[in-house]
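# Sequence and predicted structure are below.
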Amino acid sequence: MRVYATSYDPDNLFAGSAPRQGLIERRLMAKQMETDKEFAKAVTMARDDDQKKIMLRRQSRQPPADHVELVEFFLNTQADDMEFEVARCRPQLTPEFFKQLDTLVGQERFSPKPDEERLAELDLLRKYLEEAVEAERLAELDLLRKYLEEAVEAVDKAVAANISAVERMKKLLSSPDKKQAISDMAAANEIDVALIDLLQQNIEAAKGAGQDDAAAFMEKVKNAAAKFLVTGA
């Protein structure tokens, strides 16, 4: 057997820290999986089997509707399954549930002969579930804030674009030289979809009001301006 010095680190695995427990074993396993396909296949199958066992274990347990029974359900849940079960039972983690949990904690704490182990389990469960619900609530609020900020920004941009389009349409329609105005606006990238849509809306409004001459005039201006329409890439 070859024995290396404790500082021997050819792959720089432990730079900046002491070797972590299991790191060498994982490294050796990774190397063996790279060279031994049968071994790699066996490891993969074992992992798949573990996943199947986990899925079957979780499917075999159904959360009860009763609050007291749900508390016992959580107390009997394996640590690896707690996150899954909290997510599955989230709709049941209501204020009424936590009130019932507090009642159970109080009953155990002030009983003539309190079971300290059970009391500790109940306290730990309450803390865990409260933190899980709070974390979910925080994530929902962060997501809502992001959505609202983006929505407000989009609305502000749309309003600004519409106001700008109104001003540009007025400038175009009031110009004595429409051809020159269109040329100048095209050079300034001021002919966009918002402007063309606004012209179309005014054309339809004029037609609806029986102002056919005005509609025909704006239609001609719109078609001329649309030749220089600026669109996104």
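Perfect, I can see it now.
# does the residue nearest the centre of the chain belong to a helix or a strand, and which?
Nearest to the centroid of the C-alpha atoms of the chain, with distances taken as Cα atoms, centre = their mean, sits Leu143, at 6.8 Å. Here Leu143 is covered by helix 116-174, with elements defined by DSSP states H and E.
# where does the residue nearest to Lys222 when sequence neighbours are not counted fall, helix, sheet strand or coil?
Spatial nearest neighbour of Lys222, excluding adjacent residues (Cβ to Cβ, 6 or more residues apart in numbering): Leu199 at 4.2 Å. No exception for glycine: its C-beta is placed from N, CA and C like everyone else's. Three-state assignment for Leu199 (DSSP: H, G, I helix; E, B strand; the rest coil): helix.
# show me what contacts Leu199?
Taking Cβ atoms under 8 Å, 6 or more residues apart in numbering as the criterion, Leu199 is in contact with 169, 218, 221-222, 225.
# Swap in 10 Å and give it another go.
Applying Cβ atoms under 10 Å, 6 or more residues apart in numbering, one finds that Leu199 lies in contact with 165, 168-169, 172-173, 218-219, 221-223, 225-226.
# Give me the pLDDT value at it.
Confidence per residue is given as pLDDT, and for Leu199 that number is 92.
# How much space separates it from Gln92?
For Leu199, the distance to Gln92 (Cβ to Cβ, to the nearest Å) stands at 57 Å.
# Repeat that for Arg168.
Per Cβ to Cβ, Arg168 is found 57 Å from Gln92.
# and if you look at Met45?
Following Cβ to Cβ, the distance that separates Met45 from Gln92 is 36 Å.
# now the helices: where do they sit in the chain?
Using DSSP state H, the helices of the chain run over 23-35, 37-59, 67-75, 82-88, 95-109, 116-174, 178-187, 193-208, 212-226.
# now the fifth one against helix 116-174, angle please.
Inter-element angle recorded for helix 95-109 and helix 116-174: 160 degrees (by axes from the mean of the first three to the mean of the last three Cα atoms, to 10 degrees).
# Can you spell out which helices and strands pack onto helix 95-109?
In terms of contact count using 3 or more Cβ pairs under 10 Å, 6 or more residues apart in numbering; DSSP states H and E, helix 95-109 is assigned the packing partners helix 67-75, helix 116-174.
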